[in-house]
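A.B. asks: This is a predicted model, with the sequence first.
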Amino acid sequence: MKSLYPEIEKPNRSGMFRVSDLHQVYWEESGNPAGKPVIFVHGGPGAGTNPRQRRFFDPTKYRIVLFDQRGCGQSTPNGSLEDNTTWHLVADMEAIRTHLGIEKWQVFGGSWGSTLSLAYAQTHPERVTELVLRGIFLARKAECNWLNQGNGTSAFYPDAWEGYLGHIPETERHDLARAYYRRLTSEDPKVQADAARAWALWGAHVWTLLRDEAAIAKAHDDPTALATARIDCHYVVNGCFLESDSALLEGVKRIRHIPATIIQGRYDVGCPMENAWALHRAWPEAELKIVPDAGHSAFEPGTAHELVDATDRYAK
Amino acid sequence: MRYGHRPMESSANQAPRRTFYPEIEPYQTGRLKVSNTHEIYWEVSGNPQGKPAVFVHGGPGGGTEPKQRRFFDPKKYRIVLFDQRGCGKSTPHASLEDNSTWHLVADMEALRSHLGIDKWQVFGGSWGSTLALAYAQTHPERVTELVLRGIFLLRKWEIDWFYQHGTSAIYPDAWEDYLAPIPENERHDMVHAYYKRLTSPDPKVQAEAAKAWSVWEGRTSCLIPNEELISKSAGDTFAIAFARIECHYFVNNGFFEPGKGLLDRVDRIRHIPGTIVQGRYDVVCPMESAWALHRAWPEADLRIAQDAGHSAFEPGILHELIEATDRYAK
């Protein structure tokens, strides 16, 4: 089994790039400056990157670019929802690519990162050498309801669900994402923070196969939770700014020729395999790898193996 | 050890796990005539002077298998297994006549009297948990303890979850094979579409539907698919009883009257010591039901095996089940 490449303590270079009057995004480059370019697209939306994500790529072969999407991680202003849509992020990726003088790159993303990777590739297919996608999320209404409205994930995590549901009074429970959105965008910082904590705790329970005590403890008191929850919820209530529910499946026709690997944990109860399967049926040319003993996280052993194995193969 | 209130969660990276007691043969077997039509097979193993326990199998229609004797310490337990109406070695095979939850509850009482047992531990998983609860709620004075696994309360949404949409999201590949025998215009109600075929006059139609129905459950019952279980599910004799009887119970909502479901009558059994064992990744009977039972019956001891699916033979589940029967044997 393959595991992550060694830690890379410091990127070769990093910076803040102004993408609008308001927003600046953080970017960084590590690995081999003359290597094959790859961009890591983080999840959430709103989760930001972390140094571990440099380790999916052979640093002797790849020029590894990470960036924090608008409003999260080290990007500023933190938690801002203004001019923050899928299409702004797609444009930002293009701006970063040009800024770094990269002609084409591999696009690697999981969860919301798979959504944004698909949106980017379908908009700029000529800029993508390969796609490596994990824990597929196609941003369809039913997928959001599965996770956030009690249509699926709650059946596996009824204990954690009580906390997420309990935060919202009964009269507002017919649309939980919107009820959370109202609180996350409240004038009152305490209302915002309490909602962000409940939102983060729900995620901390469901995103790993086995219970991750550290993630759960962190969610109780996480300074980044507010930005993450605000951005995540903003995208959910806006249908991720796609023109239709099936936009990303329909857009497969524009990327069918790009070599691609889809990696899916069988017990991903947040972004269930149904999504990966729908993508596979629409795009049979892409390679589908099902990890039988994994949930959603990119760092579970079987999933990390498949991800590293995919980037290794594409580096040859 | 902790009873009630705070559920216990476990996974493989904790403490060594318990496993099956050794293989054992019954010291007594028989057939009990329970109606003009039906005869049921029963067997007893373990210690004839031991604490009585009855194993209630799943499905309905699954029948028993020798492995199921091995959840109990044979030195301490008098272990009773029986095949419910129409399945296993009970006859007539796959019969739906006079076959309902309340017939099976009455059969358990008849068998208990026949064996001269005053009270017994009732142990059941999946549909076995449903029947165990229905039996205990009807005859609470006959039950010393309840050991329940992979909780199935036979509510409409649970049937929809497995046969219409829910499990399909986790097993979309296996789902395609379950959908395949049913034409698109009947797919809005898969259980009825299957029922029509499983009760068809044409044995070939019955057999094909039975196999697809049964294999769907076989492929989704273990965390990591188990080829032995899948091939057992596909066996003609097994599948025909399993699929026909299950589907018959499900189109009839388990023969529960509205407002008299298993959660409505928990008060009748709250004084009985109980253990609820649930796999976190049980996609057949998802944890929502175990949790609802736990909320209605907080005195029962809820044990969650984090790295397990539905099957009783999942290592984490097996561990908790044997721990439970051991504790109750003390």
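C.D. replies: Happy to help now that I have it.
A.B. asks: going forward, measure contacts between C-alpha atoms and count neighbours the same way
C.D. replies: Noted.
A.B. asks: any idea how far residue B:58 is from residue B:316?
C.D. replies: Separation of residue B:316 from residue B:58 (CA to CA, to the nearest Å) stands at 19 Å.
A.B. asks: I misspoke; the intended subject was residue B:295.
C.D. replies: Distance, residue B:295 to residue B:58, by CA to CA: 23 Å.
A.B. asks: more crowded one of these two?
C.D. replies: Taking other CA atoms under 10 Å in any protein chain shown, residue B:295 and residue B:58 do not tie; residue B:58 has more neighbours (22 against 13).
A.B. asks: Secondary structure element for the more buried one, which one?
C.D. replies: For residue B:58, there is no enclosing helix or strand under DSSP states H and E.
A.B. asks: Quick check: it touching residue B:125?
C.D. replies: Yes - between residue B:58 and residue B:125 there is a contact under CA atoms under 8 Å: 6.2 Å.
A.B. asks: Indicate the residue of the stretch 51-200 of chain A located nearest to chain B.
C.D. replies: At 4.6 Å from chain B, residue A:155 is the closest residue in the stretch 51-200 of chain A, using CA to the nearest CA.
A.B. asks: Find the nearest non-adjacent residue to that residue, please.
C.D. replies: Closest residue to residue A:155 apart from its sequence neighbours, by CA to CA, 6 or more residues apart in numbering or on different chains: residue B:288 at 4.6 Å.
A.B. asks: cool, residue A:75 as well?
C.D. replies: Closest residue in space to residue A:75, ignoring its immediate chain neighbours: residue A:25 at 4.4 Å, by CA to CA, 6+ apart.
A.B. asks: Ok, residue A:109 next?
C.D. replies: Residue A:109's closest residue in space is residue A:41 (CA to CA, 6+ apart), at 4.6 Å.
A.B. asks: interface residues of the stretch 101-250 of chain A facing chain B?
C.D. replies: A:152, A:154, A:155, A:156, A:157, A:158, A:159, A:209, A:210, A:211 (CA under 8 Å from any CA of the partner chain).
A.B. asks: Turn those into JSON lines, columns for neighbour count and secondary structure.
C.D. replies: Formatted as JSON lines, those follow (neighbours: other CA atoms under 10 Å in any protein chain shown; DSSP: H, G, I helix; E, B strand; the rest coil):
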{"residue": "A:152", "neighbour count": "26", "secondary structure": "coil"}
{"residue": "A:154", "neighbour count": "25", "secondary structure": "helix"}
{"residue": "A:155", "neighbour count": "26", "secondary structure": "helix"}
{"residue": "A:156", "neighbour count": "23", "secondary structure": "helix"}
{"residue": "A:157", "neighbour count": "21", "secondary structure": "coil"}
{"residue": "A:158", "neighbour count": "20", "secondary structure": "helix"}
{"residue": "A:159", "neighbour count": "17", "secondary structure": "helix"}
{"residue": "A:209", "neighbour count": "22", "secondary structure": "coil"}
{"residue": "A:210", "neighbour count": "18", "secondary structure": "coil"}
{"residue": "A:211", "neighbour count": "17", "secondary structure": "coil"}
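A.B. asks: re earlier: OK, contacts around the residue of the stretch 51-200 of chain A closest to chain B?
C.D. replies: Taking CA atoms under 8 Å, 6 or more residues apart in numbering or on different chains as the criterion, residue A:155 is in contact with B:286, B:287, B:288.
A.B. asks: correct me, but residue B:269 touches residue B:134?
C.D. replies: No - judged on CA under 8 Å, residue B:269 makes no contact with residue B:134 at a distance of 10.2 Å.
A.B. asks: what do these two both touch?
C.D. replies: Residues touching both residue B:269 and residue B:134 by CA under 8 Å, 6+ apart: none at all.
A.B. asks: What is the burial count for the residue nearest to residue A:109?
C.D. replies: The local packing of residue A:41 (other CA under 10 Å) involves 27 other residues.
A.B. asks: Ramachandran coordinates for it?
C.D. replies: Dihedral pair for residue A:41: phi -110, psi 110, per degrees, to the nearest 10.
A.B. asks: Would you check that it makes contact with residue A:66?
C.D. replies: Yes - with contact defined as CA under 8 Å, residue A:41 reaches residue A:66; the gap is 7.1 Å.
A.B. asks: ok, back up a step: just send the contacts of residue A:155 back as CSV, with secondary structure, pLDDT and neighbour count too.
C.D. replies: What follows is those, written out as CSV (DSSP: H, G, I helix; E, B strand; the rest coil; pLDDT from 0 to 100; neighbours: other CA atoms under 10 Å in any protein chain shown):
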residue, secondary structure, pLDDT, neighbour count
B:286, coil, 98, 30
B:287, coil, 98, 28
B:288, helix, 98, 23
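A.B. asks: can you redo those as TSV with distance to residue B:21?
C.D. replies: Formatted as TSV, the contacts of residue A:155 follow (distance: CA to CA, whole Å):
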residue	distance to residue B:21
B:286	28
B:287	27
B:288	30
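A.B. asks: Which strand or helix spans the closest residue to residue B:57 other than its chain neighbours?
C.D. replies: Spatial nearest neighbour of residue B:57, chain neighbours left out: residue B:128 (4.8 Å); criterion: CA to CA, 6+ apart. Following DSSP H and E, the helix or strand that holds residue B:128 is helix B:127-138.
A.B. asks: Now that helix: buried residues?
C.D. replies: Applying a neighbour-count criterion of 16 or more other CA atoms under 10 Å in any protein chain shown, one finds B:127, B:128, B:129, B:130, B:131, B:132, B:133, B:134, B:135, B:136, B:137, B:138 buried in helix B:127-138.
A.B. asks: need the strands for chain B, in chain order.
C.D. replies: Counting by DSSP state E, chain B has strands at residues B:8-10, B:28-33, B:39-46, B:51-56, B:77-82, B:120-125, B:143-149, B:274-279, B:301-305.
A.B. asks: Would you single out the least confident of these?
C.D. replies: Looking at the strands of chain B, the lowest mean pLDDT belongs to strand B:8-10 (a mean of 78).
A.B. asks: Do I have it right that residue A:79 meets residue A:227?
C.D. replies: Yes - using CA under 8 Å, residue A:79 is in contact with residue A:227, at 4.0 Å.
A.B. asks: rewinding a little: would you say the residue nearest to residue A:75 is within a helix?
C.D. replies: No - under the criterion used here (DSSP: H, G, I helix; E, B strand; the rest coil), residue A:25 is strand, not part of a helix.
A.B. asks: partners of it in the sheet?
C.D. replies: With DSSP bridges as the criterion, residue A:25 is bridged to residue A:17.
A.B. asks: list the contacts for it?
C.D. replies: A:16, A:17, A:18, A:19, A:67, A:68, A:69, A:70, A:71, A:74, A:75, A:76.
A.B. asks: Now pLDDT too, for those, in a markdown table please.
C.D. replies: As requested, these are exported to a markdown table (pLDDT from 0 to 100):
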| residue | pLDDT |
| --- | --- |
| A:16 | 98 |
| A:17 | 97 |
| A:18 | 97 |
| A:19 | 97 |
| A:67 | 98 |
| A:68 | 98 |
| A:69 | 98 |
| A:70 | 98 |
| A:71 | 98 |
| A:74 | 98 |
| A:75 | 98 |
| A:76 | 98 |
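A.B. asks: Now render the residues you listed as JSON lines, adding neighbour count and secondary structure.
C.D. replies: Listed next are those as JSON lines, based on neighbours: other CA under 10 Å; three-state DSSP:
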{"residue": "A:16", "neighbour count": "16", "secondary structure": "strand"}
{"residue": "A:17", "neighbour count": "17", "secondary structure": "strand"}
{"residue": "A:18", "neighbour count": "16", "secondary structure": "strand"}
{"residue": "A:19", "neighbour count": "17", "secondary structure": "coil"}
{"residue": "A:67", "neighbour count": "28", "secondary structure": "strand"}
{"residue": "A:68", "neighbour count": "26", "secondary structure": "coil"}
{"residue": "A:69", "neighbour count": "32", "secondary structure": "coil"}
{"residue": "A:70", "neighbour count": "31", "secondary structure": "coil"}
{"residue": "A:71", "neighbour count": "28", "secondary structure": "coil"}
{"residue": "A:74", "neighbour count": "18", "secondary structure": "coil"}
{"residue": "A:75", "neighbour count": "22", "secondary structure": "coil"}
{"residue": "A:76", "neighbour count": "19", "secondary structure": "strand"}
